[in-house]
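In: give the three-dimensional model of this entry:
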Amino acid sequence: MIIEIHPEHPQKRHISRISESLKDGKVIAYPTDTTYGIGCSIYCKKSIERIYQMKMRDRRKPFSIICSSLSEISHYAKVSNSAFKNLKKFLPGPYTFVLEATREVPDLLLTRQKTVGIRIPDNRICLDLVTALGNPIITTSANLSGEEPVGDPHIISETFGDQLDFILDGGILATDVSSVVSLINDKPEVLRLGLGDVSWCV
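Out: Purely as a prediction, here's the structure:
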């Protein structure tokens, strides 16, 4: 089901409905500050498995998560003073920061090194959604693995059909990706170039 939602002033009734559906294990597509993502609550193992299947994604490639605030990040990642300064400076924004995970992160979302990728997109819809849900959602681009990201919610609907419970239509978006930066050991390292200036990384 496609639900049209205002990109700057998301309707509270839509946010409430979708956040409740996420608690029930639903899988959704939603806009971010880069392109559309697919996600579910981080605590719904079956839903995470569904997303791996629908994307045909390698299980060895864990998903990142979207948090609503810097304080929420600290529940799911170990944040040093140096890392906090970078998070505060660049978030919300088009970055995925890789940090050492805490025990709050489900095993399905951990790398072998026990790290996790974390985002706070500069997008009102997904931030309101995560806030209403009360915990992070996973994030992965709305495309089949190996294919280009998709910025049109109607094409997403054609691609995934009833594998998605809801698609939040926030308009046509670009097909960009976030820059991925590791902050492990307080040494910023660019893992993927995308949107977001990375000239500050050494």
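In: residue nearest the middle of this structure, spatially speaking?
Out: With distances taken as C-alpha atoms, centre = their mean, the residue of the chain nearest its centroid is residue 139 (2.8 Å).
In: surely that residue meets residue 51?
Out: No. The pair residue 139 / residue 51 is not scored as a contact, 10.1 Å apart, by C-beta atoms under 8 Å. Yep, even glycine has a C-beta here, placed from its N, CA and C like the rest.
In: anything in contact with each of those two?
Out: 38-39, 63 (C-beta atoms under 8 Å, 6 or more residues apart in numbering).
In: so which residues of the chain form strands?
Out: Listed in chain order, the strands of the chain (DSSP state E) span 2-4, 28-31, 36-39, 64-66, 95-100, 115-119, 137-141, 166-169, 179-182, 189-192.
In: JSON lines please, covering the ones you listed and showing mean pLDDT and distance to residue 11.
Out: JSON lines is the format used below for the strands of the chain (pLDDT from 0 to 100; distance: least, C-beta to C-beta, whole Å):
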{"stretch": "strand 2-4", "mean pLDDT": "95", "distance to residue 11": "9"}
{"stretch": "strand 28-31", "mean pLDDT": "97", "distance to residue 11": "14"}
{"stretch": "strand 36-39", "mean pLDDT": "96", "distance to residue 11": "18"}
{"stretch": "strand 64-66", "mean pLDDT": "96", "distance to residue 11": "20"}
{"stretch": "strand 95-100", "mean pLDDT": "96", "distance to residue 11": "28"}
{"stretch": "strand 115-119", "mean pLDDT": "96", "distance to residue 11": "23"}
{"stretch": "strand 137-141", "mean pLDDT": "95", "distance to residue 11": "19"}
{"stretch": "strand 166-169", "mean pLDDT": "97", "distance to residue 11": "11"}
{"stretch": "strand 179-182", "mean pLDDT": "96", "distance to residue 11": "31"}
{"stretch": "strand 189-192", "mean pLDDT": "94", "distance to residue 11": "33"}
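In: a markdown table for the ones you listed, including distance to residue 86?
Out: Formatted as a markdown table, these follow (distance: least, C-beta to C-beta, whole Å):
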| stretch | distance to residue 86 |
| --- | --- |
| strand 2-4 | 35 |
| strand 28-31 | 25 |
| strand 36-39 | 22 |
| strand 64-66 | 16 |
| strand 95-100 | 7 |
| strand 115-119 | 12 |
| strand 137-141 | 19 |
| strand 166-169 | 29 |
| strand 179-182 | 8 |
| strand 189-192 | 12 |
